[in-house]
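Colleague: Mind folding the following:
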Amino acid sequence: MKLNEITANLDIIASSVHSLEAKSKMFKITNENKREFSLDIKCSKPILNDGCKIGKLLMHINVAVLQENQELDPDTFDLVIEGAFSSPAEISDEDFMGLLNINGGAALYSIARAKIEAISSLTYAEGKILLPMVNIIQYYKERNNSDK
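Modeller: This next block holds a predicted model:
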């Protein structure tokens, strides 16, 4: 298989952390600490710039690490990250939005996962937060169903 023949026609230009807030009271976490997380993705409409279509994604991830005594407040990590992506101008807006939402969303989520893992490993004396892989296609299906 020639991988260059099946690549997505989408490039990442940059990613930037808009905000990151960590509230932690625990010194260490283990696999016994339950975790909850939420994800929200917002997408901009494409603009033309220098012969390219440019689009942005804004991703908000919230993680809660529950303490063994669940009456105590959980540790929380709240990350807002933005990614900018480009494609050739001749791609239709519909195709571009599909690439941006799915491929761009998966790429930006991977970056966000790494940032939360790094920050949490620096926060705790032992343990770190590993966010699960997310099926971005399924995320959008469920989000669209809940909007109805």
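Colleague: Using the three-state scheme, assign the residue nearest the centre of the chain.
Modeller: For the chain, the residue sitting closest to the mean C-alpha position, by Cα atoms, centre = their mean, is residue 109 at 2.7 Å. State at residue 109, reduced to three classes by DSSP: H, G, I helix; E, B strand; the rest coil: helix.
Colleague: And the strands in the protein?
Modeller: In the chain, the segments counted as strands under DSSP state E are 11-23, 35-43, 47-49, 52-65, 75-88.
Colleague: do you know which of these lies nearest residue 100?
Modeller: Smallest distance to residue 100 across the strands of the chain (Cβ to Cβ): 4.4 Å, for strand 52-65. Quick note: C-beta positions are derived from backbone N, CA and C, even for glycine.
Colleague: between the closest one and strand 35-43, how big is the angle?
Modeller: Angle between the axes of strand 52-65 and strand 35-43 is 160 degrees (criterion: axes from the mean of the first three to the mean of the last three Cα atoms, to 10 degrees).
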